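Enquirer: have a look; sequence and predicted model below, questions after that.
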Amino acid sequence: MIFSPIILNDGPVRNGSKSDSLDKDLTLALADLKGKFIHFERGVIEYQAIRKSEEYQTYKELTKGLQFFDLRRLADRPEKLSFWINIYNTAVIHGIIEMGVTRSVKEISNFFDRVTYKIGGFVFSLNDMEHGILRGNRRPPYRLFKPFGRNDPRKGFAIIPIDPRIHFALVCGAASCPPISFYEANQIDFQLQLAAESFINSPKVQILPREKLLLLSMIFKWYKKDFGGTDQGLVDTILRFLDEGEKKNLLKDVRDQIRIKYQPYDWNLNHA
């Protein structure tokens, strides 16, 4: 069965939503949402409270202005990274609320293809944003083709080379995702570094030196290519972001004999 995409920001646009500072206005709207309804320490989101809030109505109205947003205004790499990470994360929240998800995004067939925004005259699904833009038009896991074909004009917006740290910043609405945050162009490198360190020093990565075993989030399996494409590349990534101390030293000692296994991914909704 084929499910049609849903453009969440379709509809008439108020004049204020066509502002040249739309990206900054959206950032402020996101700041209002995160301050009231998103709990970073616990990694949970109050979806039902967001649905009923004035802040959410403001955000939804502003997203309609994205239909006319000139993506060429994102002049440099930090601006592109922060814009697309923020849009992806909030489009997931927007999709969960508007499509009535209560337990898991898996309730909605092809959720990441069906949830779309119209931006600058183009339609981008969540998969387009993640794999087409932020991963530099790389093939999604378990799929045969890249998001953008050779003649697709959206291909020109792909961010190349990929920064693998995006995988610790993108939040797909699941309990096993990284905790959500919002990103600013002038701090993006610091924020991505912090996201990577937080994730890799969390229970999502477990080092069992006696068993010579490394238990990793499924994110490392799905995007192994982005982390070097080999088990050694995964170990190097863990060592790069792991806090100094006994665990890091133990991993260094057994790095050539380490076995890698992956933890089950919890797709239950990351709600409060």
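Expert: Yep, it's here.
Enquirer: quick one, what contacts S125?
Expert: With contacts defined as CB atoms under 8 Å, 6 or more residues apart in numbering, S125 is in contact with P5, F112, D113, R114, V115, T116. Placement of C-beta: from N, CA and C, glycine included.
Enquirer: among those residues, which one sits closest to K261?
Expert: Out of the contacts of S125, the one with the shortest distance to K261 is F112. That distance is 25.7 Å, counting by CB to CB.
Enquirer: which among the contacts of S125 count as buried?
Expert: Buried positions within the contacts of S125, assessed by neighbour count (16 or more other CB atoms under 10 Å), are F112, D113, R114, V115, T116.
Enquirer: picking that back up, single out whichever of the contacts of S125 has the smallest pLDDT.
Expert: pLDDT across the contacts of S125 is at its lowest for P5, which sits at 91.
Enquirer: quick one, domains of this protein?
Expert: Taking automatic domain parsing as the domain assignment, the ranges for the chain are 6-193, 197-262.
Enquirer: between the two ends of the first one, how far is it?
Expert: End-to-end span of domain 6-193 (CA to CA, to the nearest Å): 34 Å.
Enquirer: next, the contact list for the closest residue to R51 other than its chain neighbours, please.
Expert: Distance criterion CB to CB, 6 or more residues apart in numbering; nearest residue to R51, sequence neighbours excluded, is I97 at 5.0 Å. Shown here is I97, whose contacts under the criterion CB under 8 Å, 6+ apart are Y47, I50, R51, Y56.
Enquirer: so which of those residues is the most crowded?
Expert: If you count neighbours using other CB atoms under 10 Å, the busiest of the contacts of I97 is Y56, which has 21 neighbours.
Enquirer: contacts only, for it.
Expert: Applying CB under 8 Å, 6+ apart to Y56 gives the contacts L33, I50, I97.
Enquirer: how about the nearest residue to V254, chain neighbours excluded?
Expert: Once flanking residues are discounted, V254 sits nearest to K212: 5.0 Å by CB to CB, 6+ apart.
Enquirer: and for D32?
Expert: Once chain neighbours are set aside, the closest to D32 by CB to CB, 6+ apart is E55, at 4.4 Å.
Enquirer: now do the residue nearest to the spatial centre of the chain, the pLDDT please.
Expert: Here the mean C-alpha position of the chain is nearest to the C-alpha of L170 (CA atoms, centre = their mean), at a distance of 1.7 Å. Taken from the predicted model, the pLDDT recorded for L170 is 97.
Enquirer: now G16
Expert: In the prediction, the pLDDT value recorded for G16 is 53.
Enquirer: closest one of the contacts of S125 to G228?
Expert: Checking these against G228 by CB to CB gives F112 as the nearest, at 24.8 Å.
Enquirer: these two touch, right, that closest one and F124?
Expert: No - with contact defined as CB atoms under 8 Å, F112 does not reach F124; the gap is 11.4 Å.
Enquirer: tell me the secondary structure at the closest residue to P140 other than its chain neighbours.
Expert: Beyond its immediate neighbours in the sequence, the residue positioned closest to P140 (CB to CB, 6+ apart) is H131, lying 4.6 Å away. Following DSSP: H, G, I helix; E, B strand; the rest coil, the label given to H131 is helix.
Enquirer: check contacts around H131.
Expert: Neighbour list for H131: N137, R138, R139, P140, K146, P147 [criterion: CB under 8 Å, 6+ apart].
Enquirer: how much space between it and R139?
Expert: Counting by CB to CB, to the nearest Å, the gap between H131 and R139 amounts to 7 Å.
Enquirer: intersection of neighbour lists for the two?
Expert: Counting by CB under 8 Å, 6+ apart, the common neighbours of H131 and R139 are K146.
Enquirer: from I85, how far out is Q193?
Expert: Taking CB to CB as the criterion, Q193 is separated from I85 by 14 Å.
Enquirer: correction: D10
Expert: As for D10, its distance to I85 is 23 Å (criterion: CB to CB).
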